[in-house]
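# Need the 3D shape of this:
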Amino acid sequence: MGLAEDVEAVVAGSVAAGGVPGAAWWVSRGGEVARGAAGAHTPGGDDRIGPDTVFRIASITKPVVAAAAMALVDDGTLVLDDPVDDVLPELADRRVLADPADPAAGTVPARRAITVRDVLTFRLGLGLDFTAPWPSPTVAALGDAGLPAGPPNPQATPEPDEWLRRLATVPLAYQPGERWLYHTGASVLGVLVARVAGRPLPDVLAERVLDTLGMADTGFGVPEHARGRLGPHWTPPSDDGTRALYDPADGQWARPPAFPDGGDGLVATVDDLAAFAGMLAAGGRTPRGNRVLSAAAVRAMTTEQAGPVDDEGGGWGLGIGVRRADEPGGRHAGSFGWDGGLGGSWWTDPVSGATAILLTNQMWSSPEPPAVFGDLRAVAFGAAPPAGSCRAGEA
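Model prediction:
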């Protein structure tokens, strides 16, 4: 079978077996593209999902917003190693927990200011620590400040200035630049981008990234023309096989939020994400030659620089996941992309030249995705790299 048949067999088979209610995919390898969809918006229903269905992409938002930030770096509006104090004065003169596990131990002054690079690499000192008991003192303190951790809840989050004010009441868990901590840096990045550009984040994102790439179905809240293509979203099946409704079609993403969250707020289609992935793979250009990012900005984004983020070869660049090591039978070191806990994944492998995007209407129950994601990656990335291929930055 060819790529299209292999991909459809994997995803449609998972849908038929009850793995997820519905899914859409876009996979390219060796000049061949597989694009399709299977399943329904409602489990077992006849409201079919299509390749143009709009999905809540959760943390795949992070690289898209990071690209807008890197466009501002390209034109000198942002400088990676500058402190954020002038733009985000709420984060100036930080206090840091003397012991991240024991708030009673008190705080010490931050040894230096938080920089733009710290925010992009998630080393600003605040975020989710997957190695600590849950909830960590910092996560608990953020919850007490009205910023609870958990699945995206866009209509319950305060507007950006109030969000940052609350964030600033919580001491840093680690010194700036010291340790990678998940998620919070992406939300801070969205506020930083909006303030330095002097306009709301959705406007900056559209101007710097979305419009040039033709990503017309991507936004914080479903664009009006696409509202008929957003369906409900579901939790994983319980022991008896039933799913609970996480968000209805006219729910949290049906209208713009007060806080456009750079960490998990976007909706998109597989075609839009394919356009974004293709731009990065092409060194910052669109197929027509229009430049979104400089080649240097893309290299910086997709170069691992924050240290291991897990025990399975994962790393982090500037606002995007970058693999540090080859994955047996799968993605190579240097592959870039990210996953979304509401049921999506995008990765591009510069060695094999393959890209795989899978969006579903079922949230994950843990950082480990449902089996269909691993099966799709095996189909997309399992082939040996073609002769003469090169890793990103080696061309």
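
# what pLDDT does the closest residue to A206 other than its chain neighbours get?
Computed as Cβ to Cβ, 6 or more residues apart in numbering, the closest residue to A206 that is not its neighbour in sequence is G219, at 7.8 Å. Every residue, glycine included, has its C-beta placed from N, CA and C. What the model reports as pLDDT for G219 is 97.

# do the one 4 residues further on as well
On the pLDDT scale, P223 is placed at 90.

# I'd say it and M215 touch.
No. Between P223 and M215 there is no contact under Cβ atoms under 8 Å: 10.0 Å.

# who has more neighbours, these two?
M215 (24 against 18; other Cβ atoms under 10 Å).

# Which of the helices or strands spans the closest residue to that one other than its chain neighbours?
Leaving aside its sequence neighbours, M215 sits nearest to D272 (Cβ to Cβ, 6+ apart; 4.0 Å). Counting by DSSP states H and E, the element that carries D272 is helix 270-281.

# export that helix as PDB, just CAs?
The C-alpha trace of helix 270-281 is given here as PDB (Å, rounded to 0.1, in the frame of the first residue of the first chain):
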ATOM      1  CA  VAL A 270      -4.800  20.100   9.600                       C
ATOM      2  CA  ASP A 271      -4.300  22.200   6.400                       C
ATOM      3  CA  ASP A 272      -3.400  25.300   8.400                       C
ATOM      4  CA  LEU A 273      -0.900  23.400  10.500                       C
ATOM      5  CA  ALA A 274       0.600  21.800   7.400                       C
ATOM      6  CA  ALA A 275       1.200  25.400   6.000                       C
ATOM      7  CA  PHE A 276       2.900  26.300   9.300                       C
ATOM      8  CA  ALA A 277       5.000  23.200   9.300                       C
ATOM      9  CA  GLY A 278       5.900  23.600   5.700                       C
ATOM     10  CA  MET A 279       7.100  27.200   6.300                       C
ATOM     11  CA  LEU A 280       9.500  26.100   9.100                       C
ATOM     12  CA  ALA A 281      10.700  23.100   7.000                       C
END
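
# In whichever helix or strand comes after that helix, which residues are buried?
Sequence-wise, the next helix or strand downstream of helix 270-281 (DSSP H and E) is helix 295-301. By 16 or more other Cβ atoms under 10 Å, the buried positions in helix 295-301 come out as 297-301.

# could you dump the residues you listed to a markdown table with distance to A110 and pLDDT?
Shown next, in a markdown table, are these (distance: Cβ to Cβ, whole Å; pLDDT from 0 to 100):
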| residue | distance to A110 | pLDDT |
| --- | --- | --- |
| A297 | 28 | 98 |
| V298 | 31 | 98 |
| R299 | 30 | 98 |
| A300 | 25 | 98 |
| M301 | 26 | 98 |
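
# what's the closest of the residues you listed to G241?
G241 lies nearest to M301 out of the buried residues of helix 295-301, by Cβ to Cβ, at 41.1 Å.

# for the closest residue to the closest one other than its chain neighbours, helix, strand, or coil?
Among residues not flanking M301 along the chain, L318 sits closest, at 4.6 Å (Cβ to Cβ, 6+ apart). What DSSP: H, G, I helix; E, B strand; the rest coil gives for L318 is coil.

# what number of residues lie near L318?
28.

# For G18, give its distance to W234.
To W234, G18 is 12 Å away according to Cβ to Cβ, to the nearest Å.

# Which one's more surrounded, these two?
W234 (24 against 13).

# Could you give the bridge partners of that one?
Going by DSSP bridges, W234 is paired in beta bridges with L245, Q362.

# is it true that it touches W364?
No. Taking contacts as Cβ under 8 Å, W234 lies outside contact range of W364: 11.5 Å.

# if I look at the residue most central in space within the chain, how far off is L342?
For the chain, the residue sitting closest to the mean C-alpha position, by Cα atoms, centre = their mean, is I60 at 2.4 Å. From I60 across to L342, the span is 9 Å (Cβ to Cβ).

# What of P109?
P109 is 38 Å from L342, by Cβ to Cβ.

# Those two - which one has more neighbours?
Per other Cβ under 10 Å, whichever of P109 and L342 has more neighbours is L342, with 26 against 10.

# can you pull the pLDDT of the closest residue to the more buried one other than its chain neighbours?
Nearest residue to L342, sequence neighbours excluded (Cβ to Cβ, 6+ apart): A58, at 3.9 Å. pLDDT recorded at A58 is 98.

# ok, A58 - contacts?
With contacts defined as Cβ atoms under 8 Å, 6 or more residues apart in numbering, A58 is in contact with 151-152, 264, 340-344.

# So which of those is the closest to E178?
Nearest member of these to E178, counting by Cβ to Cβ, is D264, at 24.2 Å.

# Confirm for me that the closest one is in contact with D339.
No. With contact defined as Cβ under 8 Å, D264 does not reach D339; the gap is 11.3 Å.

# starting at the chain centroid, how far to whatever helix or strand K62 lives in?
Here K62 sits within helix 61-74, counting by DSSP H and E. Offset of helix 61-74 from its chain centre (Cα atoms, centre = their mean, to the nearest Å): 12 Å.

# for that helix, packing partners?
Under the contact criterion of 3 or more Cβ pairs under 8 Å, 6 or more residues apart in numbering; DSSP states H and E, helix 61-74 touches helix 116-120, helix 184-197, helix 201-205, strand 266-268, helix 270-281, helix 295-301, strand 336-340.
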